[in-house]
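Q: sequence plus predicted model, see below.
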Amino acid sequence: MHIIPIASGKGGVGKTLLAANLALALGQAGKRVVLCDLDLGGSNLHLMLGIPPAEGGMGAFINRPDLRLSDILIQTEYPNVWFIPGDGEIPGAANITSHQKQKIRRALCSLEADYLIIDLGAGTHNLVLDFFLFSGRGIVITAPTPIATVNAYLFLKNTVFRILGQSMKKKSEAHQYLESLRKEGTALQSIYIPRLLEQIRSRDIETYETFQRNVRSFRPRFVLNMVEDPRDAEKAHKLRRSCQQYLNIDLEHLGIIYRDDLQDIALGSRLPILIYKPQSILSMAIKRIADKLIQSEGEEDSSITPIDESYQEASLEAEVDFEAKMEYLEELLHTGALTTGDLIETVKMQQIEITQLKKENQFLKAKIMNLLKGT
Ligand SMILES: Nc1ncnc2c1ncn2[C@@H]1O[C@H](COP(=O)(O)OP(=O)(O)O)[C@@H](O)[C@H]1O
Ligand SMILES: [Mg+2]
């Protein structure tokens with residue numbers, strides 16, 4: 001079974017949208033898919049699927065020893081797709097014990113399906129990191145805004161730290177070294193990982209080697225969502241470079257997805273976009289991602305994924321989808337479905353958005369300058 005947790009760092013960038021529609025696309029392609037809502041405390045995957053909220057989802061499973069996963073598994077009306085609801089009632093992820101985490105992991109891993117798609121919550125809480133590490137081949141999704149990409153990067157950095165933490169024994173030299181850093185007041189977040197690894201290698205070769213072994217199977221992929229303009233695709237290169245340079249991981253690009261206003265209408269009609277408008281640019285982009293996953297099934301264990309190509313392909317997709325988007329708009333204008341008034345309104349909205357983004361940018365720049373002054 002291919003386990004694909006979907007995470008982001010920042011909320012509202014499309015984790016749930018991708019989880020739901022990717023599951024449907026894989027199901028349509030004949031794969032048996034289980035879709036699991038592990039955004040505990042913030043579950044809303046059922047909304048994206050157009051299913052009424054279920055009682056006794058993951059929360060009940062965690063707390064009641066008599067329940068089995070099959071008791072809470074729901075067969076959806078979509079072909080080949082089963083659903084494990086989350087639980088909006090769980091008062092925060094912090095309450096889950098490591099025993100309960102193991103229970104979830106064991107139960108999920110014993111499912112019989114081709115794909116397990118897991119929708120996660122936002123943030124870098126250890127629980128989210130651990131759920132993401134249920135597999136080495138999770139997807140990080142981000143929007144092209146500076147804050148979203150920085151959050152995606154920080155999410156991955158935290159995950160690498162988590163792998164490091166899991167690679168060391170309690171009383172090991174490496175553990176003591178990290179403790180001493182912590183006592184000195186060094187924020188682990190600010191540590192430059194390649195240098196830290198050098199230190200660990202010289203002090204504790206066993207931890208170093210275990211970490212190298214564990215991190216090798218960590219090969220996350222990513223999706224750039226809410227793209228507006230082909231130039232947004234550039235943001236992917238920056239994220240990739242940061243990950244290569246500072247985290248020593250190479251992110252595979254699974255594709256870009258444009259922001260599509262039809263999604264709001266689909267949501268309002270309580271239908272996944274893939275069902276509401278299968279031919280929309282958004283649906284096609286998600287089907288393309290599903291195709292890539294299916295194509296790469298055989299290479300799951302090999303380490304020679306043509307990652308460079310995945311970026312070239314994504315840039316091309318950004319151009320092609322943009323053309324399609326423009327053609328679609330022209331069509332709307334010609335058929336009268338879109339009035340000049342609508343267009344003016346859209347341009348105005350975009351101006352407002354651009355101004356907000358500029359402010360966001362200035363704020364981040366000022367913050368970075370301050371940080372640099374401090375070092
Ligand atoms: N490509 C897109 N085009 C239009 N709307 C989108 C797109 N991706 C996400 N959305 C919308 O943005 C909102 C946040 O998406 P969601 O999947 O719930 O984010 P997350 O799960 O990361 O918090 C939802 O209303 C969703 O319908
Ligand atoms: Mg969500």
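A: Cool, got the structure. Numbering: from 1, shown residues only. Ligands and ions are numbered 1, 2, ... in the order given.

Q: list every C-alpha atom in stretch 18-25, with coordinates, as CSV.
A: Written as CSV, here are the backbone C-alpha positions of stretch 18-25 (Å, rounded to 0.1, in the frame of the first residue of the first chain):
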residue,chain,number,x,y,z
LEU,A,18,-5.9,17.8,-2.7
ALA,A,19,-6.5,14.8,-0.3
ALA,A,20,-10.2,14.5,-1.3
ASN,A,21,-9.9,14.9,-5.0
LEU,A,22,-6.6,12.9,-5.3
ALA,A,23,-8.4,10.0,-3.6
LEU,A,24,-11.3,10.3,-6.1
ALA,A,25,-8.9,10.5,-9.1
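
Q: got the residues of the stretch 251-375 of the chain near ligand 1?
A: Ile257, Arg259, Asp260, Gln263, Leu267, Leu282 (Cβ under 6 Å from any ligand atom). Backbone N, C-alpha and C define where each C-beta goes, glycine included.

Q: touching stretch 184-194 from outside, list them.
A: Leu154, Lys157, Asn158, Val160, Phe161, Leu178, Leu181, Arg182, Tyr246, Leu247, Asn248 (Cβ atoms under 8 Å, 6 or more residues apart in numbering).

Q: how about the residues of the protein near ligand 2?
A: Lys15, Thr16 (Cβ under 5 Å from the ion).

Q: okay, now the domains of the chain?
A: If you go by automatic domain parsing, the domain ranges for the chain are 2-322, 339-374.

Q: nearest to Gly9 among the contacts of stretch 184-194?
A: Each of the contacts of stretch 184-194 was scored against Gly9 by Cβ to Cβ, and Leu154 proved nearest at 5.8 Å.

Q: element containing the closest one, please.
A: Taking DSSP states H and E as the criterion, Leu154 maps to helix 146-166.

Q: roughly how far apart are the nearest residue to Gly56 once chain neighbours are set aside and Ala174?
A: Nearest in space to Gly56, with sequence neighbours left out and distances taken as Cβ to Cβ, 6 or more residues apart in numbering, is Ile72 at 6.1 Å. Separation of Ile72 from Ala174 (Cβ to Cβ, to the nearest Å): 40 Å.

Q: how about His2?
A: Counting by Cβ to Cβ - His2 and Ala174 are separated by 32 Å.

Q: now rank the residues of the stretch 251-375 of the chain next to ligand 1 by neighbours and give me the top one.
A: Ile257 (29 neighbours; other Cβ atoms under 10 Å).
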